[in-house]
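> Please find the sequence and the predicted model below.
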Amino acid sequence: MASDPRVDTYIESRAAFARPILHWIRARFHAAVPEVEETVKWSHPFFTLGGRPFANMAAFKAHVSFGFWNRQDNETGKEGEAMGQFGRIGSLDDLPGATEVERLIREAAALMAEAKPARPRAAPKGEAEVPPELAGALAADDAAAAAFNAFSPSCRREYCEWIAEAKRPETKAKRVAEAMAWMREGKRRNWKYENC
C-alpha cells in the first residue's frame with residue numbers, strides 16, 4: 001500500500017534519534033502485512049487493516065514507542081513501561097530483530113482477522129407519531145407549530161414520546177400546555193439540561 005505523506009511529515013519532524021527507528025518500524029509493517037494502510041489519528045501515525053485501527057507508533061523527546069491496537073492479544077512482556085508493547089525504544093537495539101517483529105505483526109493481523117466484525121449501525125428511527133392532543137394544540141398555534149416543525153426529528157420525537165407516555169388525561173393536558181409554551185420560545189424538550 002502507498003505511504004501516507006502525513007506519516008512522512010510526522011517522521012521527518014521528529015528528533016534525529018527517532019527517525020531511523022520510525023522508518024524501520026514502518027518498513028516492518030509493510031513487509032509483514034502488505035495490505036496495511038497508513039493514516040494519522042490523534043496526531044500519531046496509525047496502521048489500519050480493513051479500515052480498523054491495527055497499530056500505532058509515536059516519537060517523544062527521548063524515546064519511541066509502538067504497539068498493537070488490541071494489545072491484550074499481543075503480549076511482549078514490556079507492557080506498562082511506556083505507550084505500546086515494546087517499552088521505551090531509544091535505539092534499534094531496544095527492539096527484537098526484524099524477523100521477530102514481522103512475526104508479531106503477522107500474528108496480530110491474524111488475530112484481528114479472527115475478531116468478530118464491528119456491529120452494524122442501528123437503522124435511524126422514523127418520524128414519531130404526533131399524539132392527537134399535541135396535534136390539535138399545534139394546529140391552533142402557528143408559532144409553536146413552526147418551532148416544532150423546525151426541530152430535528154429526535155427533538156420532535158422527545159416531545160411526542162413525553163406526551164404519549166402520560167397515562168391520565170389531566171397529565172397529558174398539563175404536558176401539552178407546558179410543551180406549547182416551550183415550543184413558542186423555541187426550546188427543546190430537555191432545554192433545562194443543555195448547559196449543564
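Everything's here; your move. Since we're looking at a predicted model, the values are computed, not measured. Numbers count the residues shown, from 1 in each chain.
> Going by residue numbers, what spans are strands in the protein?
37-41, 44-49, 52-59, 64-68 (DSSP state E).
> Any chance you could give me the last one in CSV, C-alpha atoms only?
It stands for strand 64-68. These are the backbone C-alpha positions of strand 64-68, laid out as CSV (Å, rounded to 0.1, in the frame of the first residue of the first chain):
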residue,chain,number,x,y,z
VAL,A,64,9.9,6.0,20.6
SER,A,65,7.0,3.6,21.2
PHE,A,66,4.8,1.4,19.1
GLY,A,67,2.1,-1.2,19.8
PHE,A,68,-0.9,-3.0,18.6
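> so how far is that strand off the chain centroid?
20 Å (Cα atoms, centre = their mean, to the nearest Å).
> Run through the neighbouring helices and strands of it.
If contacts are counted by 3 or more Cβ pairs under 8 Å, 6 or more residues apart in numbering; DSSP states H and E, strand 64-68 sits against helix 18-32, strand 52-59. For glycine as for every other residue, the C-beta is placed from the backbone atoms N, C-alpha and C.
> out of those, deepest packed?
Ranked by average neighbour count under the criterion mean count of other Cβ atoms under 10 Å, the helices and strands packed on strand 64-68 are headed by strand 52-59 at a mean of 20.
> quick revisit: nearest to residue 45, of the helices and strands packed on strand 64-68?
strand 52-59 (5.4 Å; Cβ to Cβ).
> next one: the closest one to chain centre, how far?
Distance, centroid of strand 52-59 to centroid of chain: 15 Å (Cα atoms, centre = their mean).
> just stretch 114-132 next, same as before
17 Å.
> residues in contact with it?
52, 70, 138, 153-154, 156-157, 160-161, 163-164, 172 (Cβ atoms under 8 Å, 6 or more residues apart in numbering).
> sorry, back to before: tabulate the helices and strands packed on strand 64-68 in CSV, adding columns for mean pLDDT and distance to residue 96.
Formatted as CSV, those follow (pLDDT from 0 to 100; distance: least, Cβ to Cβ, whole Å):
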stretch, mean pLDDT, distance to residue 96
helix 18-32, 91, 10
strand 52-59, 90, 15
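> Low-confidence ranges, this protein, go.
Across the chain, the ranges flagged by pLDDT under 70 are 1-2, 71-83, 115-118, 196.
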